[in-house]
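Student: No letters, just coordinates:
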């Protein structure tokens with residue numbers, strides 16, 4: 001066994017030990033003090049071994065990706081690879097969700113008392129609701145919003161209101177929307193990787209993006225949809241800085257603005273965007289014009305919501321207060337600040353740990369590494385930095401298995417550095433299958 005491979009195994013073992021510690025310590029804290037508010041710490045889940053209608057398809061998809069994924073990723077024409085990646089990711093996410101059955105796995109996910117579909121009828125007059133939105137965030141306010149509605153800017157809820165308006169009503173359509181759109185996140189990451197780090201590394205990352213354990217929580221969670229919007233914002237920015245396109249820059253800015261009005265925490269995607277600008281500096285000749293187009297696009301969504309009467313900053317201030325009024329104010333920071341990282345291991349898989357180890361090694365040897373490898377390492381590092389800032393903020397105590405999906409999709413490309421992909425892909429698949437068959441997840 002070579003020394004790099006041995007170090008990879010040590011990294012994976014360290015990640016597994018982190019998860020084990022988070023489970024054991026979390027169970028002790030929850031049974032002794034009942035302050036974690038999750039049934040199977042560090043995940044919001046319940047121990048319940050089961051199989052379901054999605055089990056055969058999930059097994060088939062995972063086996064096919066492990067067996068043929070690396071070869072197909074290397075040989076398919078680029079556009080065919082993108083289409084195949086989206087279709088396979090969709091099948092993987094949907095089949096995992098259907099292990100819990102159609103109603104519990106997909107149709108009922110976004111109809112629970114804390115979710116967005118509970119308030120569709122309160123948006124009959126959208127402008128009036130937006131003007132009044134901040135008056136219902138605090139728990140003591142009249143007709144306070146459910147947790148997820150209060151916890152996000154109104155673009156999140158408006159998405160499902162608009163789906164309802166065009167006839168795609170109910171939890172089934174909302175779930176299908178999140179799965180179909182969320183699965184495009186892997187395509188967006190591949191587009192960005194090809195533009196910034198080269199096609200070879202993008203192709204090597206493709207099977208890991210498709211077979212991510214994060215799929216357990218991408219079907220069906222609105223955070224999967226948020227992850228896709230954020231990923232396309234970064235991808236379009238990568239195309240803008242490498243192709244010197246003002247239109248791509250404006251479109252990227254538009255999606256960055258929308259991202260910030262889908263989730264307050266996704267303002268941290270700006271760190272990944274900044275890395276893209278840094279990496280694209282050697283391609284950019286008309287930088288002032290590109291930045292102007294980016295900023296022009298970025299202003300559209302905030303301007304529209306502000307003119308409609310929604311104050312983002314006031315809403316965020318009230319959200320912080322509400323967060324500490326509820327379980328967020330009780331959950332112990334001292335546990336979650338490191339147990340959240342165990343959640344990150346479970347959504348990115350054991351393969352990402354050695355991938356991150358190799359990422360660090362590339363940065364240490366950056367002067368002797370190919371430029372594409374260094375660019376990929378910097379992009380992954382920016383995503384890791386964003387995740388760590390979110391962790392240290394104290395506003396992500398628990399439930400990060402879904403909240404951090406937009407950051408997780410940018411950690412998975414680190415697996416492109418792994419030299420023996422099939423065993424690591426198998427580990428990714430086994431982890432996801434075990435999680436979804438042994439636990440009833442909350443999302």
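Tutor: Noted; the coordinates are in hand. Values in this document were obtained by computation on a predicted structure and should not be read as measured data.

Student: all helices for the stretch 101-250 of the chain, in order.
Tutor: Taking DSSP state H, counting those that start in this stretch, the helices of the stretch 101-250 of the chain run over residues 102, 126-132, 147-150, 154-165, 170-182, 184-197, 199-210, 215-218, 222-243, 246-260.

Student: could I get these as JSON lines with mean pLDDT and mean neighbour count?
Tutor: For the C-beta atoms, the positions are set from N, CA and C on the backbone; glycine is no exception. Formatted as JSON lines, the helices of the stretch 101-250 of the chain follow (pLDDT from 0 to 100; neighbours: other CB atoms under 10 Å):
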{"stretch": "helix 102", "mean pLDDT": "97", "mean neighbour count": "15"}
{"stretch": "helix 126-132", "mean pLDDT": "97", "mean neighbour count": "15"}
{"stretch": "helix 147-150", "mean pLDDT": "96", "mean neighbour count": "21"}
{"stretch": "helix 154-165", "mean pLDDT": "98", "mean neighbour count": "20"}
{"stretch": "helix 170-182", "mean pLDDT": "98", "mean neighbour count": "22"}
{"stretch": "helix 184-197", "mean pLDDT": "98", "mean neighbour count": "26"}
{"stretch": "helix 199-210", "mean pLDDT": "98", "mean neighbour count": "24"}
{"stretch": "helix 215-218", "mean pLDDT": "98", "mean neighbour count": "32"}
{"stretch": "helix 222-243", "mean pLDDT": "97", "mean neighbour count": "27"}
{"stretch": "helix 246-260", "mean pLDDT": "97", "mean neighbour count": "23"}
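
Student: Distance to residue 340 added to the ones you listed, as JSON lines?
Tutor: Putting those into JSON lines (distance: least, CB to CB, whole Å) gives the following:
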{"stretch": "helix 102", "distance to residue 340": "31"}
{"stretch": "helix 126-132", "distance to residue 340": "32"}
{"stretch": "helix 147-150", "distance to residue 340": "18"}
{"stretch": "helix 154-165", "distance to residue 340": "21"}
{"stretch": "helix 170-182", "distance to residue 340": "21"}
{"stretch": "helix 184-197", "distance to residue 340": "20"}
{"stretch": "helix 199-210", "distance to residue 340": "22"}
{"stretch": "helix 215-218", "distance to residue 340": "14"}
{"stretch": "helix 222-243", "distance to residue 340": "15"}
{"stretch": "helix 246-260", "distance to residue 340": "21"}
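
Student: Select, out of those helices, the one closest to residue 12.
Tutor: Closest to residue 12 of the helices of the stretch 101-250 of the chain is helix 199-210 (CB to CB; 13.8 Å).

Student: Need the residues that contact the closest one.
Tutor: 65, 69-70, 73-74, 78, 81, 85, 88-89, 92, 186, 189-190, 193-194, 349, 351-352, 355, 372-373, 376, 409, 412-413, 415-416, 421, 424-425, 428 (CB atoms under 8 Å, 6 or more residues apart in numbering).

Student: re earlier: what's the closest of the helices of the stretch 101-250 of the chain to residue 366?
Tutor: helix 184-197 (13.2 Å).

Student: Give the other helices and strands that the closest one contacts.
Tutor: Here helix 184-197 touches helix 78-98, helix 199-210, helix 222-243, helix 269-279, helix 371-392, helix 405-411, going by 3 or more CB pairs under 8 Å, 6 or more residues apart in numbering; DSSP states H and E.

Student: List the contacts of stretch 288-295.
Tutor: Counting by CB under 8 Å, 6+ apart, 237, 240, 241, 244, 246, 247, 249, 250, 252, 253, 256, 284 sit against stretch 288-295.

Student: okay if I get the residues you listed as TSV plus distance to residue 290?
Tutor: Output for those, formatted as TSV (distance: CB to CB, whole Å):
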residue	distance to residue 290
237	9
240	6
241	7
244	7
246	6
247	10
249	5
250	9
252	10
253	10
256	14
284	6
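
Student: Can you go through the contacts of helix 199-210 and name the buried ones?
Tutor: 65, 69-70, 73, 81, 85, 88-89, 92, 186, 189-190, 193-194, 349, 351-352, 355, 372-373, 376, 409, 412-413, 415-416, 421, 424-425, 428 (16 or more other CB atoms under 10 Å).

Student: Distance to residue 53 for the helices and strands packed on helix 184-197 - can I get that in CSV?
Tutor: Compiled in CSV, these are given as follows (distance: least, CB to CB, whole Å):
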stretch, distance to residue 53
helix 78-98, 5
helix 199-210, 21
helix 222-243, 20
helix 269-279, 35
helix 371-392, 34
helix 405-411, 24
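
Student: And the ones you listed: which comes nearest residue 262?
Tutor: Residue 262 lies closest to helix 222-243 among those, at 4.8 Å (CB to CB).

Student: Now do that closest one: which elements does it pack against?
Tutor: In terms of contacts (3+ CB pairs under 8 Å, 6+ apart), helix 222-243 is packed against helix 154-165, helix 170-182, helix 184-197, helix 215-218, helix 246-260, helix 269-279, helix 287-308, helix 405-411.

Student: okay, the angle between the third one and helix 78-98?
Tutor: If I follow you right, that is helix 184-197. 140 degrees (axes from the mean of the first three to the mean of the last three CA atoms, to 10 degrees).

Student: quick one: buried residues of stretch 99-115?
Tutor: 99, 100, 105, 106, 107, 108, 109, 110, 111, 112, 115.

Student: ditto for stretch 34-42
Tutor: So, applying 16+ other CB under 10 Å, buried residues of stretch 34-42: 36, 37, 38, 39, 40, 41, 42.
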